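I would like the atomic coordinates for the input below:
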Amino acid sequence: MRLSLLDRSRTRAGRPDAEGVTGTVARAVHAETVGYERFWVAEHHAVPGIASGAPAVLLAAVGAATSRIRIGSGGVMLPHHQPFVVAEQFRVLEALHPGRVDLGLGRSLGFTAPVRRALRHEADAPDTFEADLLELRGYLEGTAALTVRPATAPVPMHVLATGRGLRLAAGLGLPVVLGGPILDDPDVGEALAAYRRDFRPHRGSAAGVTVSLDVTVAADDATARELALPEAWAMARSRQTGEFPPLESPRDIRSQPWPDQVRRRVDASLERAVAGGPATVRRALGRLAERTQADELMASTSTYDREALLASDAALRDLVG
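Residues are numbered from 1 along each chain as shown. I've put the predicted structure just below:
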């Protein structure tokens, strides 16, 4: 499998939010150095634990700090944006960093009702995702009535997909990125086989499957699970409080009370995580590759210790490479 990174610009407790985005740029430079194929950034709005809500702006900085690695969005949430404006943003990125830009697109409506209201998304708004994808593709390919400037080569589009998204992407001839609960579905292999079978090429496009999940590599399983703890803790606390928090250090996490429900959720997250020494991670990724026949792994790993995160990225590159 090809190997890529998705960085969500995670913030750390007690540290300025700005370090979330400067840390993303530094991680991209490191990813290019150790040989990753792509580096993608995310879009989240008004989330305490995530600093980036503007992928195009952040990608301009990432592209300027690197020279070879592909850069992209994982993803731009199309319901929040006009397709024409997205096309303009990514045409500018393509002009600045030619041949390196990807546009991953999702349909998330926002984490909370106040965020959705701030983004002017009405609760009863119709689902226009497919129509917006087609409109956006027309702008990027230069087939629309309006010409987006600057004129550049087309920017490749990818769909962040669930079951319904797989069917949509197959019909439009677009590659897909899968992450989250769908990867735990015992029928994911069948769903992907249907995607490949029903794929209708567009301008010579081919079916492509990228799987995205947290992968933490350390010297041994215990160390890796400790590195995975801050993200598991943040996820468990968000279920309890409704707010996704900054990452905390394992020491600070273990000094706090652990309600039974939070403990169960943390344990469940750690059991699902791909976190371990090289042999453990290799076995887990082998099983995932067998189930999905994926073309690419996009690791979305986060942990409190930034140096340990970079070391994990390098170890994963060595393991997969």
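
C-alpha from now on. contacts and neighbour counts both.
Noted.

Now the lengthiest helix in the chain: buried residues?
The single longest helix within the chain, with elements called by DSSP state H, is helix 221-241. Residues of helix 221-241 classed as buried by neighbour count (16 or more other CA atoms under 10 Å): 221, 223-237.

One more: stretch 198-212?
Those would be 198-200, 207-212, for stretch 198-212 by 16+ other CA under 10 Å.

Ok, stretch 84-96 next?
Across stretch 84-96, burial judged by 16+ other CA under 10 Å covers 84, 86-95.

now, which of those sits nearest Leu59?
Nearest to Leu59 out of the buried residues of stretch 84-96 is Leu93 (CA to CA; 7.6 Å).

of all the buried residues of stretch 198-212, which two lie farthest apart?
The widest separation within the buried residues of stretch 198-212 (CA to CA) is 23.5 Å, between Arg200 and Ser212.

quick one, strands of the stretch 51-200 of the chain?
70-77, 101-106, 157-160, 176-179 (DSSP state E, counting those that start in this stretch).

And the ones you listed: which comes nearest Pro150?
When the strands of the stretch 51-200 of the chain are compared (using CA to CA), the closest one is strand 101-106, at 14.4 Å.

Who are the packing partners of the helix or strand harbouring Trp40?
Element membership for Trp40 (DSSP states H and E) is strand 38-41. With contacts taken as 3 or more CA pairs under 8 Å, 6 or more residues apart in numbering; DSSP states H and E, strand 38-41 sits against strand 2-7, helix 55-65, strand 70-77.

repeat that for 6 Å
Counting contacts by 3 or more CA pairs under 6 Å, 6 or more residues apart in numbering; DSSP states H and E, strand 38-41 packs against strand 2-7, strand 70-77.

what residues does that strand touch?
The contact list for strand 38-41, computed with CA atoms under 6 Å, 6 or more residues apart in numbering, reads 4-8, 69-74.

can you rerun that using 8 Å?
For strand 38-41, contacts defined as CA atoms under 8 Å, 6 or more residues apart in numbering pick out 3-9, 28, 31, 55, 58-59, 69-75.

just stretch 106-126 next, same as before
With contacts defined as CA under 8 Å, 6+ apart, stretch 106-126 is touched by 44-46, 74-80, 129, 159-161.

Now do the helices in this protein.
18-34, 55-65, 83-96, 113-118, 129-141, 163-172, 188-198, 221-241, 250-254, 260-272, 278-292, 306-320.
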